[in-house]
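Peer 1: generate a structure from the sequence data that follows.
(one chain, ligands or ions: 1)
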Amino acid sequence: MKIGVLKETAEGERRVAATPETVRKFAGLGATVAVEAGAGTGANIADTAYADAGASVGSRAEVIADADVLLGVAGPTPASLNGVRKGAWLAASLNPFGERARVDEYALLGIEALAMEFMPRITRAQSMDILSSQSNLAGYKAVLDAASEYGKAFPMMMTAAGTVNAARVFVMGVGVAGLQAIATARRLGAQVSATDVRSATKEQIESLGAKAIFVEDVKGIEGEGAGGYATEMSDEYKAAQAALVSSHIAKQDIVITTALIPGRPAPRLISDAQIASMKPGSVIVDLAVEAGGNVEGAVAGQVVELHGVKLVGHRNVPSRLAADASALFARNLYNFLSAFWDKEAGKPVLDEEIGNAIRLTQGGKVVNERLLG
Ligand code: NAD
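Peer 2: Next up is the predicted model:
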């Protein structure tokens with residue numbers, strides 16, 4: 001059983017899908033691990049650290065040759081998998097909707113492409129959930145990014161020279177990233193408020209010491225929503241939400257938006273007119289910018305200024321904390337493969353519930369229900 005760890009090729013991607021810790025653990029299961037030279041550089045892991053953990057370090061062709069499982073953070077280009085064995089697994093964050101054409105090419109290669117972001121949100125899969133592990137770090141980093149762009153302090157300070165007011169932070173979308181953003185902004189001393197469409201988040205917001213700002217007149221999504229996910233809201237809800245945001249946002253210094261709808265463009269939550277109502281020097285961080293953006297005018301990969309407000313649109317925010325993000329991502333992959341390890345076969349064997357949820361291609365065909373519609 002050979003596990004290959006690919007060096008990431010996407011622009012700006014600093015993470016890596018295995019760490020010396022997980023290499024050791026895979027060896028403990030009886031697997032051999034081959035790591036592409038330089039794979040850990042962006043996360044400050046030297047090739048020698050992988051070698052010390054028992055991996056062989058080599059070229060991409062060497063890593064791919066005879067590999068039974070290939071691990072990546074982002075999906076590799078199919079062309080870069082030349083020489084891959086038919087039936088080999090590729091486990092990574094494959095962006096199946098955004099990179100739909102790629103999925104067809106993975107099928108043509110004859111590999112079994114496993115999209116880690118399709119991991120079902122069930123209790124036993126929590127430790128394999130890359131969306132949670134990476135969103136948590138993104139929520140933390142979004143607050144630090146906001147703080148560094150903001151020309152004022154976050155906490156209230158009473159000094160001999162006078163008082164500095166606490167920053168007002170508003171978090172829109174209270175999933176994993178939003179909850180961590182609330183907690184981080186609170187730790188920095190800000191006055192925090194937050195909103196979501198799922199009613200279960202109200203209590204979560206309040207338990208973190210923030211104020212819940214919710215649409216009252218139109219019903220949102222009851223409880224957690226299906227699988228913890230939101231759906232697109234009705235026009236009536238959207239109008240009520242826009243009115244609520246308009247009255248709240250003008251008083252905010254920092255806004256962090258994190259709202260996503262699986263398989264759909266991110267919902268638009270902040271309009272140009274609402275940005276114009278904010279004080280100059282305010283900062284908005286749009287964590288959904290790569291999924292279409294929650295904020296009108298935010299640009300992926302850039303910090304732009306509109307009406308005196310900075311719109312922060314960094315791409316791939318987890319990669320900005322590459323060492324921690326890699327450590328957690330690598331553990332998600334290890335937890336996944338080890339949970340299904342069949343001792344007698346000496347390799348992982350998936351069950352139906354998780355296998356069918358994450359498997360995109362098999363036997364030369366696209367097999368995933370979510371892609372076949
Ligand atoms: P997400 O990244 O899909 O979306 C972020 C947030 O945006 C969500 O809370 C969503 O409700 C919100 N949102 C969507 N549209 C909105 C709109 N128009 N206005 C305002 N907010 C909007 O969500 P996520 O971070 O992946 O987590 C969603 C939930 O799933 C959380 O409650 C989390 O605890 C749960 N979860 C469960 C498991 C598990 O049981 N295994 C694992 C991970 C997450």
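Peer 1: can you list the residues of the stretch 51-200 of the chain near the ligand?
Peer 2: 121-122, 125-126, 129, 131-132, 135, 172-178, 195-198 (CB under 6 Å from any ligand atom). Where C-beta positions appear, they are placed from N, C-alpha and C, glycine not excepted.
Peer 1: select the longest helix from the protein.
Peer 2: Longest helix of the chain, by residue count under DSSP state H: helix 130-149.
Peer 1: filter the residues of the stretch 51-200 of the chain next to the ligand down to the ones in strands?
Peer 2: If you go by DSSP state E, those have 172, 195 in strands.
Peer 1: where do the helices sit along the chain?
Peer 2: Going by DSSP H, the chain shows helices at 20-28, 47-52, 60-64, 100-109, 130-149, 176-187, 201-207, 235-249, 272-276, 322-339, 352-358, 369-372.
Peer 1: just name the most buried of those.
Peer 2: Comparing those by mean neighbour count (mean count of other CB atoms under 10 Å), helix 176-187 ranks first with a mean of 24.
Peer 1: what bridges to residue 35?
Peer 2: Assessed by DSSP bridges, residue 35 has beta-bridge partners residue 5, residue 57.
Peer 1: quick check: which ranges of this structure have low pLDDT?
Peer 2: Applying pLDDT under 70 to the chain picks out no residues at all.
Peer 1: let me know the outermost residue of it.
Peer 2: residue 160 (43.2 Å; CA atoms, centre = their mean).
Peer 1: looking at it, residue 280 is touching residue 305, isn't it?
Peer 2: No. Taking CB atoms under 8 Å as the definition, residue 280 is not a contact partner of residue 305, at 9.3 Å.
Peer 1: now the single nearest residue of the stretch 51-200 of the chain relative to the ligand: phi and psi?
Peer 2: Nearest residue of the stretch 51-200 of the chain to the ligand: residue 175, at 2.1 Å (CB to the nearest ligand atom). Main-chain torsions, residue 175, degrees, to the nearest 10: phi -90, psi -150.
Peer 1: what's the local residue count around it?
Peer 2: Using other CB atoms under 10 Å, residue 175 has 23 neighbouring residues.
Peer 1: what sits against it?
Peer 2: 135, 196, 201, 228, 258, 260 (CB atoms under 8 Å, 6 or more residues apart in numbering).
Peer 1: and if you look at residue 303?
Peer 2: Contacts of residue 303 by CB under 8 Å, 6+ apart are 149, 310-314.
Peer 1: quick one: which of those is most hemmed in?
Peer 2: Neighbour max across the contacts of residue 303 (other CB under 10 Å) = residue 311, 26 neighbours.
Peer 1: and it, how far from residue 293?
Peer 2: 9 Å (CB to CB, to the nearest Å).
Peer 1: hey, what's in contact with both of these two?
Peer 2: residue 286.
Peer 1: so residue 340 makes contact with residue 358?
Peer 2: No. With contacts counted by CB under 8 Å, residue 340 stays clear of residue 358, the gap being 11.1 Å.
Peer 1: which neighbours do the two share?
Peer 2: With CB under 8 Å, 6+ apart, residue 340 and residue 358 have no common neighbours.
Peer 1: pipe the contacts of residue 175 into a markdown table and attach distance to residue 367 per row.
Peer 2: Below are the contacts of residue 175 laid out as a markdown table (distance: CB to CB, whole Å):
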| residue | distance to residue 367 |
| --- | --- |
| 135 | 27 |
| 196 | 34 |
| 201 | 34 |
| 228 | 25 |
| 258 | 31 |
| 260 | 25 |
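Peer 1: just name the closest of those residues to residue 273, please.
Peer 2: Using CB to CB, residue 258 is the member of the contacts of residue 175 that sits closest to residue 273, with 21.8 Å.
Peer 1: how about that closest one: what's its closest non-neighbour residue?
Peer 2: Spatial nearest neighbour of residue 258, excluding adjacent residues (CB to CB, 6 or more residues apart in numbering): residue 173 at 3.8 Å.
Peer 1: the one you found - how many residues pack around it?
Peer 2: Neighbour tally, residue 173, other CB under 10 Å: 28.
Peer 1: ok, residues contacting the longest helix of the chain?
Peer 2: 93, 116-117, 119, 126, 154, 169, 175-181, 184-185, 188, 254, 256, 258, 283, 285, 287, 303, 310, 312, 314, 317-318, 320-321, 324-325, 328-329, 331-333.
Peer 1: repeat that with 7 Å
Peer 2: With contact meaning CB atoms under 7 Å, 6 or more residues apart in numbering, helix 130-149 is reached by 93, 116-117, 154, 175-181, 184-185, 188, 254, 256, 258, 283, 285, 287, 303, 310, 312, 314, 317-318, 320-321, 324-325, 328-329, 332.
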